[in-house]
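In: I need the structure of the sequence given here:
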Amino acid sequence: MPTEILVTVPFSESLQTQLRGISPKLNFHFYAPQKASDIPAEIWARAEVLYTGHILPAPEQAPSLQWIQFHYAGIDRFADEALFQQDGLTVTTLSGAAASQVAEHALAMLLALGRKLPSLLGAQKKAEWPKDRFERFAPVELRGAIVGIVGYGSIGRQVARLLRPFGATVLATKRDAMHPEHIGYTPEESGDPGGDLVERLYPSAALRSMLKNCKFVVVTVPLTAETRGLMGAKMLAALPPGAFLVDVSRGGVVDTAALLNALKDGKLAGAALDVFPEEPLPPDSPLWAQPNLVISPHISGHSTHYNERAVQLFSENIHRYLAGLILYNIFDKNRGY
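Out: Numbering: from 1, shown residues only. Now for the predicted structure:
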């Protein structure tokens, strides 16, 4: 009997053909539903593998389900789903597939902050050619600077790779700093699989010690019970005066109230946020008016190539599934990612 695979993400015809070509042992069903009930009950009953963005069945609807592959890396909002409590069910994420575009966004923000782009745009808006332009726009260069990466997963490793030609020194934190290698999905010629691009790897508990050395910080950790509010007043105070922070993690990891205070007090020279505890960010949020803060509407992971990269990872995992190998990016309920 073929392995029945249900896909609820609207992939293009070419990507569907690519998936069908993996093996004759697979039988794909492609749907673009708005809700679980849009899919015929007999399809749910036979599905052994589910590829989904947010459409999930009740446990009794899918008695044959063995594996769920999500279309995104962050699935913390689904952690309490009844389906996740089933014994024998494997859940995997798309961690690593979006690392390239998120890392490029982080690098763009590092350069924008260091080159005083918010101030430059402010002067442009006022048609101002400042007499003190050399002092006001004096850059903080990446070359020779220490960049700290909070969470050395797929995104953090790609940030480190992009930083290498700039001559920055990279420090990073990792839950298990004794094992610098990355066991998750890493596309070819990307990231830092062996953990060779960091000058020093700190355990998560030593985050404050790392921050004391950093002119720039990039936050990339997932949102868990342990990381919620991680970058609060205490950690921000550990940064040297005039430091910059870029957050491409999940809303809630950075304490935005504490960050705003640090920006207003001049403790931090600037920051860039792509994620927020409440999204969309409310129009009355004081963050909008902060001149040395760059706000982007949670778009760092967006790419016109996202589906192609998603199918590449899914295909790799299908091959591993058929071969009885451990899948990439297995979701750990205890860790929350």
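In: residue contacts, R115?
Out: 137, 139 (C-beta atoms under 8 Å, 6 or more residues apart in numbering). C-betas here are computed from N, CA, C, even on glycine.
In: switch to 7 Å and redo it
Out: R115 makes contact with P139 under the criterion C-beta atoms under 7 Å, 6 or more residues apart in numbering.
In: Could you check how far it is from E141?
Out: 9 Å (C-beta to C-beta, to the nearest Å).
In: With G184 instead?
Out: Noted for G184: a distance of 32 Å to E141, by C-beta to C-beta.
In: One more: E4?
Out: 55 Å.
In: Neighbour count: the two, which is higher?
Out: E4 (18 against 13; other C-beta atoms under 10 Å).
In: The more buried one against R46, yeah?
Out: Yes. Using C-beta atoms under 7 Å, E4 is in contact with R46, at 4.5 Å.
In: what's the neighbour count on N307?
Out: Applying other C-beta under 10 Å, I find that N307 has 17 neighbouring residues.
In: what sits against it?
Out: Contacts for N307 (C-beta under 7 Å, 6+ apart) come out as 11, 15.
In: so it sits in a strand?
Out: No. Remark: N307 does not belong to a strand; assigned using DSSP: H, G, I helix; E, B strand; the rest coil, it is helix.
In: the helices in the protein, which residues?
Out: For the chain, applying DSSP state H gives helices covering 13-20, 41-46, 99-114, 117-125, 133-136, 154-163, 207-211, 233-238, 256-264, 306-323.
In: tell me the most buried of these?
Out: Most buried of those by mean neighbour count (mean count of other C-beta atoms under 10 Å) is helix 154-163; its value is a mean of 26.
In: Helix 99-114 and that one, what's the angle between them?
Out: 60 degrees (axes from the mean of the first three to the mean of the last three C-alpha atoms, to 10 degrees).
In: who touches helix 154-163?
Out: 95-96, 99-100, 102-104, 106-107, 142, 147, 149, 170, 172, 182, 184-186, 190-192, 197-198, 218, 220, 248.
In: Check the model's average confidence along it for me.
Out: Averaging the model's pLDDT scores along helix 154-163 yields 98.
In: Equivalent analysis for stretch 126-143, please.
Out: Averaging pLDDT along stretch 126-143 yields 97.
In: number of nearby residues for L281?
Out: So L281, with other C-beta under 10 Å, has 18 neighbours.
In: what's near enough to touch it?
Out: By C-beta under 7 Å, 6+ apart, the neighbours of L281 are 287, 295.
In: Check what pLDDT it gets.
Out: 98.
In: repeat for T8
Out: 98.
In: ok, now the one 5 residues further on?
Out: The pLDDT attached to E13 in the predicted structure is 98.
In: try the one 4 residues further on
Out: Model confidence at T17, expressed as pLDDT, equals 98.
In: Then K267?
Out: 96.
In: cool, and the one 3 residues further on?
Out: Looking at G270, its pLDDT stands at 98.
In: and the gap between it and P57?
Out: For G270 relative to P57 (C-beta to C-beta), the value is 46 Å.
In: same thing with Q18?
Out: 25 Å.
In: now swap in I183 and tell me
Out: 30 Å.
In: more crowded one of these two?
Out: Neighbours were counted for I183 and for P57 using other C-beta under 10 Å; P57 has more, 22 against 11.
In: list the contacts for L120?
Out: Neighbouring residues of L120 by C-beta under 7 Å, 6+ apart: F137.
In: In contact with the residue minimising distance to the centre of the chain, which residues are there?
Out: Central residue of the chain (C-alpha atoms, centre = their mean): S249, 5.3 Å from the mean position. By C-beta under 7 Å, 6+ apart, the residues touching S249 are 151, 219-221, 223, 275.
In: Confidence-wise, which of those comes last?
Out: L223 (94).
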